[in-house]
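Colleague: Just the structure for this:
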Amino acid sequence: MKKFKAGIYIKQDRYKSFQPEFINRQWTLENIEEIIVLLSRADQELGRLDMYSKYIPNIDIFIDMHVLKEATQSSKIEGTKTGIEEALLEKEDVPLDRRNDWEEVQNYIQAMNEGIKMLEALPFSSRLIKKTHKILMQGVRGEQKNPGEFRKSQNWIGGANINNATFVPPVHTSINDLINDLEKFIHNEKIYLPELLKIAIIHYQFETIHPFLDGNGRVGRLLIPLYLVYKGILKKPILYLSDYMEKNRKDYYDSLTNVREKNDAARWFKFFLSGIINIAEKGKNTFDNILQLQQENNLKTQSLGSRAPNAQKVVNYLYEKPNISAKKVSELTELSLPSAYKLIEELEKLDILKEVTGARRNRIYFFEKYIKLFQS
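Modeller: Okay, here's the model as predicted:
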């Protein structure tokens, strides 16, 4: 990678924009012993994580919570403050001053889910990226900035204006050529690179191009699980790096910057692979803890005698959506509302449900132990 050149800075009016090199070419990797070790570990951990896709019944239910966590963490990087518990609420239960953040998280969830579905009919392509971006930006801040369309003007990152920006992406007139090159790189089977390094390059290049006027960071992070599923590396979208990137935000941005300013792709590869290892290990632990929690709760509900079947119906629902109201308990169990409250009281005593809002009316009960598995 000694010969690697990320691009050049081009003098504009009062600022310099960065023009990246095309990436659809053969890559020569040199002196990468540390990267090879990390790559081997990342492959192993991904393989182990992927095994859960085969052996955990109804894994799609648990994947929904992983997507929810990814949505909150990826949006957090962009400044939103919606946590998992608030993201689980219905819109009318969210305070008015926090609804914009809540809606951005909901859009992220929809964009991820729709992106996975679109892979069944579309290749991993600019068309898919545009469609995902359009979903992400609908009805939220930035919706006036041409959702689903590549920019036709200059944007920038950081700073009060373009003249003191932290980073100015390439000029808009080069976007189509750069995206075409990115697309060719994705599908070029003659480029002999490990897929994990390939998606690391794709993510870096996409963030550098910054092809949209808004939402680039979120789309760039969405591309990682979409690519892993598209390439068959994962059967299900069960790996999300936003949590790692948010917790190591400075290193994340510094690693991307170092590629552009110092042609240091090695540091970015190390950061990216370390993130995959970290998140894959956490993912395995989360699934193990879910299985253990299921066993514990099955024993608890069995202790309720005649109420056990209805209690189990409620608990099964909670794995899919880990908060519930008395009205919903009544619907699930076909119990009267007073009987539903009694069942909730029993589940509270068993430490399965917990009311955390402190409301007197329209109380919402959370499956707190389950939610905490995704907050660590």
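Colleague: distance of Asp243 from Ile135?
Modeller: With distances taken as C-beta to C-beta, to the nearest Å, Asp243 is found 22 Å from Ile135. No exception for glycine: its C-beta is placed from N, CA and C like everyone else's.
Colleague: Settle it for me: which of the two has more neighbours?
Modeller: Comparing Asp243 with Ile135 by neighbour count (other C-beta atoms under 10 Å), the higher total belongs to Asp243, at 23 against 20.
Colleague: From what I see, the more buried one and Thr72 are in contact.
Modeller: No - in this structure, Asp243 is not within contact of Thr72 by C-beta atoms under 8 Å, at 9.0 Å.
Colleague: Which stretches in the protein count as strands?
Modeller: Secondary structure of the chain (DSSP state E): strands at 7-11, 16-20, 323-324, 354-355, 365-366.
Colleague: Buried residues in the lowest-mean-pLDDT helix or strand in the chain, which are they?
Modeller: Every helix and strand of the chain was ranked by mean pLDDT, DSSP states H and E. The lowest is helix 59-77, at a mean of 83. Within helix 59-77, the residues that count as buried by 16 or more other C-beta atoms under 10 Å are 59, 62-77.
Colleague: same for it, what does it pack against?
Modeller: If you count contacts as 3 or more C-beta pairs under 8 Å, 6 or more residues apart in numbering; DSSP states H and E, helix 59-77 packs onto helix 84-87, helix 99-118, helix 216-230, helix 242-247, helix 265-302, helix 308-320.
Colleague: Which among the ones you listed is found nearest to Ile129?
Modeller: Proximity to Ile129 (C-beta to C-beta) singles out helix 216-230 among the helices and strands packed on helix 59-77, at 6.5 Å.
Colleague: pLDDT of the closest one, averaged?
Modeller: Taken as a whole, helix 216-230 carries a mean pLDDT of 93.
Colleague: Next: stretch 354-369.
Modeller: Stretch 354-369 comes out at a mean pLDDT of 83.
Colleague: so how far does that stretch reach from one end to the other?
Modeller: This stretch, stretch 354-369, spans 9 Å end to end (C-alpha to C-alpha, to the nearest Å).
Colleague: Mean neighbour count added to the strands of the chain, as CSV?
Modeller: CSV is the format used below for the strands of the chain (neighbours: other C-beta atoms under 10 Å):
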stretch, mean neighbour count
strand 7-11, 13
strand 16-20, 18
strand 323-324, 22
strand 354-355, 14
strand 365-366, 22
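Colleague: Asn100: which of those is closest?
Modeller: Taking C-beta to C-beta, strand 323-324 is the member of the strands of the chain nearest to Asn100, at 21.1 Å.
Colleague: Contact partners for Leu241?
Modeller: Residues near Leu241 by C-beta atoms under 8 Å, 6 or more residues apart in numbering: Arg221, Ile224, Phe272, Gly275, Ile276, Ile279.
Colleague: switch the cut-off to 7 Å
Modeller: By C-beta atoms under 7 Å, 6 or more residues apart in numbering, Leu241 lies in contact with Arg221, Ile224, Gly275, Ile279.
Colleague: Check the spacing between it and Leu46 real quick.
Modeller: Taken as C-beta to C-beta, the span from Leu241 to Leu46 is 12 Å.
Colleague: show me where pLDDT drops low in the stretch 51-200 of the chain?
Modeller: For the stretch 51-200 of the chain, applying pLDDT under 70 flags the ranges 142.
Colleague: 80 instead, please
Modeller: 54-58, 60-62, 79-80, 141-143 (pLDDT under 80).
Colleague: What of the stretch 251-376 of the chain?
Modeller: 356-362, 376.
Colleague: Repeat the analysis, applying 70 as the threshold.
Modeller: Those would be 359-360, if you go by pLDDT under 70 across the stretch 251-376 of the chain.
Colleague: What's the local residue count around Lys235?
Modeller: Lys235 sits with 14 neighbouring residues when counted by other C-beta under 10 Å.
Colleague: so what's it up against?
Modeller: Asp50, Ser53.
Colleague: Quick test: name the residue nearest the centre of the chain.
Modeller: Glu70 (3.4 Å; C-alpha atoms, centre = their mean).
Colleague: Report the contact partners of it.
Modeller: Contacts of Glu70 by C-beta under 7 Å, 6+ apart are Met112, Tyr240, Ser242.
Colleague: buried subset of these?
Modeller: Buried among the contacts of Glu70 (16+ other C-beta under 10 Å): Met112, Tyr240, Ser242.
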